[in-house]
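**Q** what follows is a predicted protein model with its sequence.
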Amino acid sequence: MGLKKFVPFLSTTLVVLLIDQLSKRWVLNNLTVRDSICLIDGYLCIILRFNQYNVFGLKLLPPKIMPFFIVFASLLLIYFALKEKKWIYQMLYGFILGGALGNLFDRLTLGKVIDFIDIGVTPRLRWPTFNLADAAIDIGIFGLIVLALIESRHKGDV
């Protein structure tokens, strides 16, 4: 059995980390903080921003403590993923871990996280700028919540 049963977790983690870091390097190499590339005019743009804070630009933990928190949370994710037998859960844990490691890499190498996806409806109504690591973390958490709700509903029907 060995590592083979953890392929969904490991491969998802590595793919998310790789895509996140490649996308951030492309943005760093091709844009300055004054540039923007609008893919869908006014709704979806690529811009270079740096986030020294925690989540969505909020200062929840001091920046120097955040890497330790991410390492601790990553160890917990690995623990839960290795106990999990269902591939879908392993993949969702992989999304979260891959995203967390992508942002941790930025913090350790640059002292801040590279954000570049800008979504909004009007110039004043914008979502906080984010990156693919953030999106992967959100997908993983949302997926775990949905699966937990589905499973709890099925247990109630029995």
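**A** Nice, I can see it.

**Q** host element of Ile46?
**A** In this assignment (DSSP states H and E), Ile46 forms part of strand 44-51.

**Q** swap in Asp138?
**A** Using DSSP H and E, Asp138 falls in helix 132-157.

**Q** what's the burial count for the nearest residue to Ile119 once chain neighbours are set aside?
**A** Leaving aside its sequence neighbours, Ile119 sits nearest to Trp127 (C-beta to C-beta, 6 or more residues apart in numbering; 4.7 Å). Quick note: C-beta positions are derived from backbone N, CA and C, even for glycine. Using other C-beta atoms under 10 Å, Trp127 has 11 other residues around it.

**Q** and the pLDDT at Trp127?
**A** Predicted confidence (pLDDT) for Trp127: 85.

**Q** ok, Tyr79 next?
**A** pLDDT at Tyr79 comes out at 92.

**Q** between helix 132-157 and the helix or strand containing Phe72, find me the angle.
**A** Assessed by DSSP H and E, Phe72 sits inside helix 66-83. Here the directions of helix 66-83 and helix 132-157 differ by 40 degrees (axes from the mean of the first three to the mean of the last three C-alpha atoms, to 10 degrees).

**Q** great, nothing more from me.
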